[in-house]
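>>> sequence plus the predicted model coming up.
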Amino acid sequence: MTQERYNPQVIEKKWQARWQEQHAFACSHDSSKPKYYVLEMFPYPSGNIHMGHVRNYAIGDVVARAKRMQGYNVLHPMGWDAFGLPAENAAIKNHTHPAKWTYANINNMREQLRRLGYSYDWSREIATCRPEYYRWEQLFFLRLLEKGLVYRKKASQNWCPSCHTVLANEQVIDGLCWRCDSRVVQKDLTQWFLKITAYGDELLQDLTRLKGGWPERVLAMQRNWIGKSTGASITFGLEKKVQGVDRLEVFTTRPDTLFGVTFVTLAPEHPLVEHLLDGYEHADEVRAFVERIRNMDRIDRQSDTLEKEGIFTGAYAIHPLTGERVPLWLGNFVLADYGTGAVMGVPCGDQRDFEFARKYDLPIRVVVEPRGEHLDPDRMTEAYTGPGVMVNSGAFDGMDNETGKEAITKALEQQGRGKGTTQFRLRDWNISRQRYWGTPIPVVYCEHCGVVPENENNLPVLLPLDAHVRDDGRSPLPETENFVACTCPRCGQPARRETDTMDTFVESSWYFARYTSPRDDVTPFDTAALTYWLPVDQYIGGVEHAILHLLYARFFTKALRDLGFYPPALDEPFSNLLTQGMVLKDGGKMSKSKGNIVAPSEMIEKYGADTVRLFCLFAAPPERDFDWSDAGIEGASRFIGRVWRLFAEEEAHLLPLKACQSDAQDATTPQARELRRREHLTVQKCSEDMGNRFQFNTAIAAVMELVNAMYLAREHLRGSDGGRRIFSSAMASVLTLLSPVTPHVCEELWERLGHTTPLAAELMPRWDAAATAQEMLEVALQVNGKLRGTTHVPAGADKTAMEQAALADSAVQRHIANLTVRKIVVVPGKLVNIVAN
RNA sequence: GCCCGGAUGGUGGAAUUGGUAGACACAAGGGACUUAAAAUCCCUGGCUCAUUGAGUGUGCGGGUUCAACUCCCGCUCCGGGUACCA
């Protein structure tokens, strides 16, 4: 028995070359088959694929291959999220150009992905930094602008001093830049915004439609982030009219407590503040207060340890229902950019207001009491925020406070002093970036015409590749004269181009749609292709994008739908989302500083791509983190070797069967029947686990069991034609079931088995329920719920037969010897529980 | 604080609808092969006591049930999200 050792390097290169030559995984529109679009979040071309990518893409590849084998027409594309700041930083460091660096990285990483054997349709590859791609983004920008979904505004912005650019709210994590962890500061700038808030309600609403398809925690995170509150905006009058203004709006979620208002608090930044101070004797003190709070760091100001501080403005508001005078205060805890920047102070029903009132000796008036209790304002130690009955509220006394919310809102509406309204925590998306390596924003500034959108016919506005990267890290665009100098599309006079580029999250908000017609140079999307392929059936990526990318992409989808680029029925881009866990080392993140990075290339060199893929999928279920272990990958390697040896050692007896091709007549011995049963059971389990449940670890475990059984049965089965058929069929099943996970070695052995068509083109075998049936079933025997033994009964045994088998068992008899049997519970084919006392 | 997860052997993890807890793998121990080792193949294994066997066991405390890792109530710890958002 001569046999060559398993040599993954040779086998894998052979099959990768073949797949590449034959464009093996290219797909096209085919309405005769059900479509399946599986997509993994595309990588930033940082230079090298890391283990997180390997795992993410291994999961996606098994899904893609398994779905193909289930008869679907599968779209499985790959591309590059190629704009972004690291290219600029690398360019400075290595004295190169961001474009050169990026394209070199793409070439390198493409080879690394090929070396892993992923079944991508490479003919659809895209890179977002190519004008053929970003030209459409510029078109979207212009159309969004036309529709009023893009606007320009000056406001205080998150500024990362290290990246020299602004950041959107979603990109500031705990006060730090999401990319470089620098402390973010505030800066007043005029920026371009996408009106994501216009879709706040829909983004929230449609989360319910994603239930089941998306992980609950991602839905919860988005719900939190959108942060919708329902309440009322209420108009207080001003005692003294200032600058022609005689009213003040507040937002509250508790209109039922309106009668408990004993003061009103404004944000120090509130536009009315300066006017209110006019003529007030202590105005300078108040101004000093405002100045002090304004100068505070935003992070410090929002920390929960910040002490509540306020100051009286000397002015009064008029209560909308009682007409009472209510003092106007400023408070350091009132946010200028949420709601109206002003809140009504209700000490009895809001903990902050309670503390504020106690600190500054403001009156407390109880307006909601728990049913059956009486609250004494002087003795309260905290606000009462629970449900209850309304008191001290005029005509509303005695009302349930929930009913009161609506009743008071209605009363305010009738008097024109308020209305029911909602507020969102979500803010508009600042997409301006003071960076070079990004999509140019297609507008110009003209001395005569102002801000003018570029003419659509002039697109793309090309990012100049001859710009010189600056050593100080700032964008070179403003000083790249051949870019900045332009003519006004409206009046034809000389004008200046916008030098900010777009947030790179804009590119990733629509790339999945571009894959459906990636080379179309007439329209961004071919309608037929788009309608056929979208939405993405299965999206796979890291949970770190739960809010960022996934929220932006959902919003962009709705916006492009409303612009007519997407079909009207396409509301959500990703029907199902799988968030894979991280690959850890020694219980923590892999990082350069810890020096614990496991390089995929080294692992592939040592064990081969199949082993690396197998280990990534076997070590843990996909959504869980897993710790990379050297012993673990050894085990994966050993298993492939075990399959290889089993094949090689039995090769002389193997017949070129396909999976599940032996028939019942071949099974002339109990061992043969048992192996055939195992084979069919394994097919059943894998179809479920791999194709539907995405539990690859258990699917692989099932194949391991089959292989173990084959080792034990092989000698016996060698002896007969039937036995050889049973064994060969089982071998074919092993290769077929494993092929989505370890495609190279499976194709190789498949070919050696005598097949001339690739395994990847096979359909998953169907298991035969008859083959999985057993003649004798093992039955658990319990006495009072405790396992006392097992016995065997014929498959069709009825309850009486099972009862009798149980009572006949010696262990059972021993345990019921001195007891009276009260009841016997029988689960057919499973268990008998004898209740006795 | 609020919202989502999670907790099972020495380790990673199984248990799909309430029905034999610990599949599969790693690490460990034993055996076979070998001059020897590696590799490979086979076997053992939750814990405690014991001879067959018994007790006990899925973070903790209760409950429902003939039967609970699974369902219900009350906690603890860990992870993630979010937070003076009115």
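Perfect, I can see it now.
>>> residues from the stretch 101-250 of chain A in reach of RNA strand B?
The stretch 101-250 of chain A comes close to RNA strand B at residues A:Ile173, A:Glu216, A:Arg217, A:Ala220, A:Met221, A:Arg223, A:Asn224, A:Trp225, A:Gly227, A:Ser229, A:Gly231, as judged by CB under 7 Å from any atom of the strand. No exception for glycine: its C-beta is placed from N, CA and C like everyone else's.
>>> how about the residues of the stretch 301-450 of chain A near RNA strand B?
With CB under 7 Å from any atom of the strand as the criterion, the stretch 301-450 of chain A comes near RNA strand B at residues A:302, A:304, A:306-308, A:332-335, A:338-339, A:341, A:343-344, A:350, A:352, A:423, A:425.
>>> same thing but at 6 Å, please
Counting by CB under 6 Å from any atom of the strand, the residues of the stretch 301-450 of chain A lying close to RNA strand B are A:302, A:304, A:306-308, A:333-335, A:338-339, A:341, A:343, A:350, A:352, A:423, A:425.
>>> which of these count as buried?
Among those, those buried by neighbour count (16 or more other CB atoms under 10 Å) are A:Phe333, A:Val334, A:Tyr338, A:Gly339, A:Gly341, A:Val343, A:Asp350, A:Arg352, A:Gln423.
>>> point out where the stretch 151-300 of chain A drops to low pLDDT.
In the prediction, the stretch 151-300 of chain A carries residues with pLDDT under 70 at positions A:299.
>>> do a quick rundown of the strands in it.
Under the criterion DSSP state E, counting those that start in this stretch, the stretch 151-300 of chain A carries strands at the ranges A:165-167, A:172-173, A:176-177, A:185-194, A:229-242, A:245-252, A:263-266.
>>> list the buried ones in the first one?
Same thing as strand A:165-167. Neighbour-count burial for strand A:165-167 [16+ other CB under 10 Å]: A:Thr165, A:Val166, A:Leu167.
>>> gap between that strand and the chain center?
Between the centre of strand A:165-167 and the centre of its chain there are 23 Å (CA atoms, centre = their mean, to the nearest Å).
>>> likewise stretch A:591-601?
Relative to the centre of its chain, stretch A:591-601 is centred 25 Å away, using CA atoms, centre = their mean.
>>> what does stretch A:390-410 give?
Chain-centre distance of stretch A:390-410: 42 Å, with CA atoms, centre = their mean.
>>> what's the answer for stretch A:502-518, then?
Mean C-alpha position of stretch A:502-518 versus that of the full chain (CA atoms, centre = their mean) differs by 16 Å.
>>> ranking the strands of the stretch 151-300 of chain A by burial, who's on top?
When you average the neighbours per residue for each of the strands of the stretch 151-300 of chain A (mean count of other CB atoms under 10 Å), strand A:263-266 leads with a mean of 25.
>>> hmm, that one in reach of RNA strand B?
No - with CB under 6 Å from any atom of the strand as the criterion, RNA strand B is not reached by strand A:263-266; the gap is at least 8.0 Å.
>>> picking up where we left off before, and of the buried residues of strand A:165-167, the nearest to RNA strand B?
Within those, distances to RNA strand B taken as CB to the nearest atom of the strand reach their minimum at A:Leu167, with 13.4 Å.
>>> now the closest one, nearest residue through space, not along the chain?
The shortest distance from A:Leu167 to any residue other than its chain neighbours is 4.4 Å, reached at A:Asn158 (CB to CB, 6 or more residues apart in numbering).
>>> quick check, that neighbour in contact with A:Val172.
Yes - in this structure A:Asn158 lies within contact range of A:Val172 using CB atoms under 8 Å: 5.0 Å.
>>> which neighbours do those two share?
Common neighbours of A:Asn158 and A:Val172, counting by CB atoms under 8 Å, 6 or more residues apart in numbering, are A:Val184.
>>> contacts for the helix or strand containing A:Ile834?
Using DSSP states H and E, A:Ile834 maps to strand A:831-836. Outside strand A:831-836, the residues that touch it by CB under 8 Å, 6+ apart are A:779-785, A:802-803, A:805-807, A:812, A:816, A:819-826.
>>> quick one: mean pLDDT for it?
In this model, strand A:831-836 carries a mean pLDDT of 92.
>>> do any residues in that strand lie close to RNA strand B?
Yes - when contact is scored as CB under 6 Å from any atom of the strand, part of strand A:831-836 falls within range of RNA strand B: A:Leu831, A:Asn833, A:Val835.
>>> list the buried residues in that strand.
Along strand A:831-836, the positions that meet the burial threshold by neighbour count (16+ other CB under 10 Å) are A:Leu831, A:Val832, A:Asn833, A:Ile834, A:Val835, A:Ala836.
>>> per-domain residue ranges of chain A.
Here the domain parsing of chain A from automatic domain parsing is A:1-128+A:199-215+A:504-628, A:137-195+A:428-491, A:230-422, A:650-772, A:776-836.
>>> what about the nearest residue to A:Leu617 once chain neighbours are set aside, neighbour count?
Ranked by CB to CB, 6+ apart and with sequence neighbours excluded, the top spatial neighbour of A:Leu617 is A:Phe696, at 4.1 Å. When neighbours are counted by other CB atoms under 10 Å, A:Phe696 registers 27.
>>> next one: stretch A:816-825 to chain centre, how far?
55 Å.
>>> that one near RNA strand B at all?
Yes - Stretch A:816-825 lies within reach of RNA strand B by CB under 6 Å from any atom of the strand, at A:Lys823, A:Val825.
>>> buried stuff in that stretch?
Burial within stretch A:816-825, assessed by neighbour count using 16+ other CB under 10 Å, is assigned to A:Ile816, A:Ile824.
>>> do the same with stretch A:472-479
A:Gly473, A:Arg474, A:Ser475, A:Pro476, A:Leu477.
>>> same question, stretch A:10-18
Within stretch A:10-18, the residues that qualify as buried by neighbour count (16+ other CB under 10 Å) are A:Ile11, A:Glu12, A:Trp15, A:Gln16.
>>> redo the residues you listed as CSV? Include distance to RNA strand B, pLDDT and secondary structure.
CSV is the format used below for the buried residues of stretch A:10-18 (distance: CB to the nearest atom of the strand, whole Å; pLDDT from 0 to 100; DSSP: H, G, I helix; E, B strand; the rest coil):
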residue, distance to RNA strand B, pLDDT, secondary structure
A:Ile11, 18, 96, helix
A:Glu12, 19, 97, helix
A:Trp15, 23, 98, helix
A:Gln16, 25, 98, helix
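>>> tally of neighbours for the residue in the stretch 451-600 of chain A that RNA strand B sits nearest to?
Minimum separation of the stretch 451-600 of chain A from RNA strand B (CB to the nearest atom of the strand) falls at A:Ile547, amounting to 5.7 Å. Residues within reach of A:Ile547, counting by other CB under 10 Å, total 19.
>>> tell me who's in contact with it.
Taking CB under 8 Å, 6+ apart as the test, what A:Ile547 contacts is A:Glu170, A:Met221, A:Gln222, A:Trp225.
>>> next, give phi and psi for it.
With angles defined as degrees, to the nearest 10, A:Ile547 shows backbone torsions of phi -100, psi -50.
>>> could you find the closest non-adjacent residue to it?
Spatially, and ignoring its direct neighbours in sequence, A:Ile547 is nearest to A:Trp225 (5.0 Å; CB to CB, 6+ apart).
>>> just checking, the one you found touches A:Leu426?
Yes - with contacts defined as CB under 8 Å, A:Trp225 counts as touching A:Leu426 at a distance of 6.5 Å.
>>> hmm, back to that, need the contact list for the residue nearest to A:Ile547.
For A:Trp225, the set of contacting residues under the criterion of CB under 8 Å, 6+ apart consists of A:Glu170, A:Arg425, A:Leu426, A:Ile547, A:Leu551.
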